[in-house]
Each structure stands twice: as C-alpha cells, then as structure tokens.
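> next input, structure requested:
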Amino acid sequence: MILADVGATPPATKNMIPPAEKREAVIRHHWENAGAASFPFAGEGELPVNSGKLASGDGRAQTVMKGTVSKSAREAALAQLKTAMIEKKLTQSELADAADCHEKTIQNLLGGRSVRDQTLFDVCVVLGLDFEKIKTAWNGGGTTEPTDLHGEGGVVAPVYMGAYTRAAVDHYLGSFLTLRPAFSQAGAIVAYRTDITWDAEWPSLLFQERDRPDAPYSHRGRLYIPASSSFIHLVSLTKGAMRMVVVSQVDRFGEMRGIMTTLHKHGAMLVPVATPIVYAKRETFDGPFGTIGADNPAYKGYRTMLEETVAQGYARLVGL
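Below is the predicted model:
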C-alpha cells in the first residue's frame, strides 16, 4: 500500500510564482530592457505618455501598458491609414521601407493589432496624417496625454516648451513657404510648405511639412519658444534622431529666418549638415514647390531671401 502525503504541494504547482509577483517581474523586465526609442516623446526623466505607473520595490516608477482596445474602436483610424496608402499609392512593403520597420509590423498595424507608438508615429509621418488624432482613435477615443498638460483649458504649453499661451502665439498659425539650399544639387533650392497649427490635446504649436520633393522624409514636430530669446526652435524627434531648426521669431512681414541642422545621405553615409532656412507666411501659394533650378522664374527671388538670411545676421556659417 502506498500512503499519500496529504500535506505535500502537488508537483505541478510547487514552483509556481504568485500572480502578483509574476506581474511585477514582467513589468520590471520590460522597463529595464526598453530603450528610449521605445517611447517616442518621453524625455529624460519622463514616463511614456501612454502608460500607467506602478511603484516597484526599489522605488522606481514602473510602466504598465494600457489594456487592449477592441478592433471596432480602431476602425476609424484604420480607415484613414488605408485611405492614405491608396492616395499615395503605397504597398505594405513600400510603407514599411519608408517608415523604417518590418513589413510584418505593417501587416499587424493594418490588421488592427497593437503596435508601438513610435511605429504609429513613423507611419503617420509617411502618410501625412495627424499622429495625435490617429493615436487617440487607435486607443479607443480616450486621451493618452499626461493630465498636467491639460491645465488652463489646453491653452498653455508645457514649461519645458516655454509655457507660451495660445493667445500669445496666434500669429504663428498658418502656412509658410519654406526655402533652403538643396543638398544634392549644387546651386539649387528646395521649396516646400510648412503648416503650423495649435494642438489643444497636447497644448503647443505643431508643425507639419508638406509638398516636399522627398515626401517620405517630411518632418513633423513642435515649436519651443523661450520667453527670453528672439529665436525659436522647431524640433522633430524620431527613434532618437533629432532635427532642429533655429529661426527668428515671426516678424511683421510674416517671416522667420535662421539655420537648420540635420543629416544628409551622401553616398552610402549619413553626414551632418547645416544650412540657412527661411519661412515666409503665405495666404496662397503661387510659386512652385520642389527642387528649383536657376532656369525657374521663381529662383532669383528664392535665392535672394536665402542670401539675405546670412547677410543680415540671422544665420552664421562659421568656417576654419
């Protein structure tokens, strides 16, 4: 006869981790192994804006990602994404290449499955869609921004952006003809359009580049306006890569002039470049967009604006 030890733990459950401890261990693992690129708008010391917070045993804030959202809640966002793909005549493979992600990730996205905010942001940039609106619809219509950014009825920018008010920057709203020298064609000028709007959901000025000859590389970002400076900053950030434009505050002619720092693909390498840049506010656009050569009627006027930017001291290119 075999006697059973009724006080022993069954073999199948002897090494099981209590659910609460397992949950915290998983959260800690994801937090410790997530790079900054996983959180597209989280700066140093900030938590991802689309997460909850959980205090761990060592005192650090841990991240708990939001729960899943039903497919029906994402139908509006998916419809916009698919419509934009059709309008731009992009296949899933082409969209994946332009957004710098795997084609399988695009398939998951278009299938309504969860993807990282950074992936959704990159896709929106390529398709020319408003990331904040798409993200809100993607998450089921709920707001995902920190509540402290909704103070004053959504009309004051965060302190780290300059704490400017909606009323104080009203003159920045509109569309701007944007000019800079071409990187790949000597003597040519690149002309495109930049729209500046107010984002009430994340109170701040938002810029979006449009009608660029290299549309997949169009930038979208926010305006930082320090109170004690005559210059402002247009900053875009994607996967840790930052582009900054420093220009004068908009003047009575509706112009901003300064310098842009970015990366340019030179052969097989990306190299840092700096160039003068001009933003000129326009109600309508009569001049051409694209790469403007010396044979174009608009070339002389565009070139004069860029030359004045350096001559009048809005930008200084220092050599050895």
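> quick check: which element contains Thr261?
strand 255-266 (DSSP states H and E).
> and if you look at Val273?
Assigned by DSSP H and E, Val273 falls in strand 269-282.
> avg pLDDT for the helix or strand following that strand?
Once strand 269-282 ends, the next helix or strand along the chain (criterion: DSSP H and E) is strand 290-292. For strand 290-292, the mean per-residue pLDDT is 95.
> likewise for stretch 211-218?
Taken as a whole, stretch 211-218 carries a mean pLDDT of 88.
> could you shift the numbering so residue one becomes 722, and keep it that way?
In the new numbering, first residue 722, that becomes stretch 932-939.
> where do the strands of the stretch 772-921 of the chain begin and end?
772-776, 782-786, 895-902, 910-920 (DSSP state E, counting those that start in this stretch).
> quick check: what element follows the last one along the chain?
Meaning strand 910-920. With DSSP H and E, the next secondary element past strand 910-920 is strand 925-931.
> Glu1028 and Thr982, how far apart?
Relative to Thr982, Glu1028 is positioned 20 Å away (Cβ to Cβ, to the nearest Å). In short, each C-beta sits where N, CA and C put it, glycine included.
> just Ile910 next, same as before
Counting by Cβ to Cβ, the gap from Ile910 to Thr982 is 18 Å.
> these two: which is more packed in?
Each of Ile910 and Thr982 has its neighbours counted (other Cβ atoms under 10 Å); Ile910 has more, 22 against 13.
> show me the contacts for Met882.
Listed by Cβ atoms under 8 Å, 6 or more residues apart in numbering, the contact partners of Met882 are 925, 943-946.
> chain neighbours aside, what residue packs nearest to Gly908?
Closest residue to Gly908 apart from its sequence neighbours, by Cβ to Cβ, 6 or more residues apart in numbering: Ala1015 at 6.3 Å.
> secondary structure element holding that neighbour?
Using DSSP H and E, Ala1015 sits within no helix or strand.
> hang on, isn't it packed against Gln906?
No. Counting by Cβ atoms under 8 Å, Ala1015 sits too far from Gln906 to count as a contact (10.5 Å).
> for the stretch 822-971 of the chain, give me the ranges with low pLDDT.
Residue ranges of the stretch 822-971 of the chain with pLDDT under 70: 862-875.
> if you set the cut-off to 50 instead, what comes out?
Applying pLDDT under 50 to the stretch 822-971 of the chain picks out residues 864-873.
> now the helices: where do they sit in it?
Remark: helices assigned in the stretch 822-971 of the chain by DSSP state H, counting those that start in this stretch are 824-831, 838-848, 852-859.
> buried residues, the first one. List them.
The neighbour-count criterion (16 or more other Cβ atoms under 10 Å) identifies 826-827, 830-831 as the buried residues of helix 824-831.
> what angle do that helix and helix 852-859 make?
70 degrees (axes from the mean of the first three to the mean of the last three Cα atoms, to 10 degrees).
> tell me how far helix 824-831 lies from the chain's centre.
20 Å (Cα atoms, centre = their mean, to the nearest Å).
> other residues contacting that helix?
Applying Cβ under 8 Å, 6+ apart, the set of residues contacting helix 824-831 is 799, 802-803, 813-814, 816-817, 820, 835-836, 840-841, 844.
> many thanks, I have nothing further to ask.
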